[in-house]
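> Need a 3D model of the sequence below.
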Amino acid sequence: MAGGLNVMKQGDKFVTADVQVIRDVVDIITGGWKAQALYTAVKLGLPDQIEAGRTNCAELAKATGANEKGIHRLMRLLVAMGVFEGSESTGYRSTRISVALVEGPQSQRDMCLLYGEEFYSAWGHAHHAISTASSGFEAAYGQPLYDYLSQNPALARRFGHTLNAGSMFFHQVPEVFDFSGKKVVDVGGGGGHLLATILGAVSDAVGTLFDREHMTPKAREHLAATVGLDRAQVVGGDMLTEVPEGGDVYILCRVLAAHDDDAVVSVFENCRRAMADSESRLLILDRFVEDENPTVLPSLWDLHLLVTTGGEHRTLNGITALLNRAGLDIERTADLPMEATALIVAPRG
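Predicted coordinates:
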């Protein structure tokens with residue numbers, strides 16, 4: 001082998017293979033193994049155990065009820081992945097990654113569990129989802145994701161925690177729009193983290209969180225603990241039918257992708273009708289895909305939406321066309337972390 005090339009025989013011919021290309025292929029196809037290794041660590045509570053001072057495999061096995069040899073082999077991979085540091089001989093130590101997985105209000109733990117269980121099962125039906133442009137989750141569980149969530153309160157709470165854990169851009173939203181003195185209506189507000197972030201940053205704003213009934217208990221709990229229910233009310237309902245009236249700013253954060261174009265236009269129309277006046281605005285916070293020079297994160301999440309809900313991320317041109325159908329125009333845009341974008345939208349006329 002020379003220059004990264006390896007001579008291989010195919011039939012009667014000798015060909016050269018680029019070793020780096022093979023390594024790249026292996027890295028891609030084993031990505032699921034790494035994800036499941038991380039999921040298993042979280043399921044066993046290893047980040048919490050190591051943070052609590054249990055730093056060898058015997059202690060970890062005893063605390064988790066797992067096999068010591070299995071723990072040893074898992075920890076070896078997790079150290080190689082950078083999830084933990086150290087070794088069996090020196091003791092295992094936490095890293096920034098593992099600390100983010102320790103159970104707590106800002107933990108990524110529930111995200112790992114949801115993606116390692118229900119969503120992993122859905123991705124097992126990726127071929128079906130892509131071949132039929134329909135939900136892999138429904139193929140795995142026999143019903144759509146949101147119907148399944150409504151019947152499984154514990155999973156709905158985990159889903160809400162996952163949405164909050166994926167909120168890396170929430171802190172910047174008050175920087176791209178002036179919420180001072182505004183009545184904010186967070187449509188499809190999930191666990192309430194975005195609304196709490198906005199109200200926490202803007203002392204004279206008040207808010208309403210609007211979402212399906214099965215999402216409201218956790219949202220009410222979170223808002224009560226953070227900004228207080230004197231500043232934030234929680235209302236249950238269906239945004240496809242109506243939204244609370246009289247808001248100065250309506251927010252749609254990562255809630256449109258699961259719906260077809262006509263349904264999205266209906267949501268836009270409902271928000272426009274409910275606005276307090278012509279000075280009211282609609283904020284759309286989401287990722288948008290690009291067909292030319294695509295980047296991985298929006299493209300990956302777009303495919304994930306297909307697999308889990310049958311939904312899709314839209315292009316900026318696509319969402320603009322739907323807004324126009326509802327009598328709304330994009331006033332300006334602002335970049336947010338994690339390749340998200342804020343669209344500030346005004347009623348036409």
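> Could you give the separation between the terminal residues of stretch 250-262?
One end of stretch 250-262 to the other measures 19 Å (Cα to Cα, to the nearest Å).
> And the contacts of that stretch?
Here stretch 250-262 makes contact (Cβ atoms under 8 Å, 6 or more residues apart in numbering) with 145-146, 163, 184-190, 194-195, 239-240, 243, 264, 267, 271, 274-275, 280-287, 302, 305, 309-314, 319, 322. All C-beta atoms are positioned from the backbone trio N, CA, C, and that covers glycine.
> now, which of those residues lie within helices?
Residues from those lying in helices, with DSSP state H as the criterion: 145-146, 163, 194-195, 264, 267, 271, 274, 302, 305, 309, 319, 322.
> Was I right to think residue 126 contacts residue 140?
No - the pair residue 126 / residue 140 is not scored as a contact, 10.5 Å apart, by Cβ atoms under 8 Å.
> Of the two, which one has the most company?
Neighbours around residue 126 and residue 140, counted as other Cβ atoms under 10 Å, are more numerous at residue 140. The numbers are 21 against 15.
> okay, now the domains of this structure?
Per automatic domain parsing, the domain ranges recorded for the chain read 1-103, 111-162, 166-347.
> Turn those into CSV, columns for mean pLDDT.
Below are these laid out as CSV (pLDDT from 0 to 100):
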stretch, mean pLDDT
domain 1-103, 90
domain 111-162, 92
domain 166-347, 95
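> Let me know the secondary structure of residue 333.
Of the three states, residue 333 takes strand according to DSSP: H, G, I helix; E, B strand; the rest coil.
> That one and residue 340 touch, don't they?
No - contact criterion Cβ under 8 Å: residue 333 and residue 340 do not qualify, at 11.0 Å.
> The two: who's more crowded?
Using other Cβ under 10 Å as the criterion, residue 333 and residue 340 rank with residue 340 on top: 22 against 15.
> So what does residue 252 look like in phi/psi?
phi -120, psi 100 (degrees, to the nearest 10).
> what's the burial count for it?
By other Cβ under 10 Å, 24 other residues sit near residue 252.
> Run through the bridge partners of it.
Beta-bridge partners of residue 252, counted by DSSP bridges, are residue 187, residue 284.
> Quickly note the distance from it to residue 156.
Going from residue 252 to residue 156 by Cβ to Cβ, to the nearest Å gives 20 Å.
> Equivalent analysis for residue 219, please.
Using Cβ to Cβ, one gets 11 Å for the distance from residue 219 to residue 156.
> Comparing the two, which residue is more hemmed in?
The neighbour count for residue 219 versus residue 156, taken as other Cβ under 10 Å, is higher for residue 219 (25 against 20).
> quick one: the more buried one and residue 236 touch, right?
No - the pair residue 219 and residue 236 does not pass the contact test of Cβ under 8 Å, sitting 9.5 Å apart.
> what touches both of the two?
Common neighbours of residue 219 and residue 236 (Cβ under 8 Å, 6+ apart) are residue 211.
> now stretch 223-234: how far from the chain's centre is it?
From the chain centre to the centre of stretch 223-234 is a distance of 24 Å (Cα atoms, centre = their mean, to the nearest Å).
> Would you mind listing the buried residues in it?
223, 226-227, 231-232, 234 (16 or more other Cβ atoms under 10 Å).
> Redo these as TSV? Include secondary structure.
TSV is the format used below for these (three-state DSSP):
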residue	secondary structure
223	helix
226	helix
227	coil
231	coil
232	strand
234	strand
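> Sticking with the residue lying closest to residue 122 once chain neighbours are set aside, tell me its helix or strand.
Leaving aside its sequence neighbours, residue 122 sits nearest to residue 137 (Cβ to Cβ, 6 or more residues apart in numbering; 3.9 Å). Assessed by DSSP states H and E, residue 137 sits inside helix 136-141.
> what sits up against that helix?
Helix 136-141 is contacted from outside by 118-119, 121-126, 128-129, 144-145, 148, 306-310, using Cβ under 8 Å, 6+ apart.
> In PyMOL, how would I select the buried members of the residues you listed?
Selection of buried members from the contacts of helix 136-141 for PyMOL, criterion 16+ other Cβ under 10 Å:
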select buried, resi 118+119+122+123+125+129+144+145+148+306+307+308+309+310
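> Buried residues, the helix or strand containing residue 60. List them.
Residue 60 is part of helix 57-64 when elements are defined by DSSP H and E. Neighbour counts over helix 57-64 (16+ other Cβ under 10 Å) mark 57, 59-61, 63-64 as buried.
> what would the residues you listed look like in TSV with distance to residue 34?
Below are these laid out as TSV (distance: Cβ to Cβ, whole Å):
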residue	distance to residue 34
57	20
59	24
60	19
61	22
63	24
64	20
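> Run a quick neighbour tally on the closest residue to residue 174 other than its chain neighbours.
Distances taken as Cβ to Cβ, 6+ apart place residue 201 nearest to residue 174, at 4.1 Å, with adjacent residues excluded. When neighbours are counted by other Cβ under 10 Å, residue 201 registers 14.
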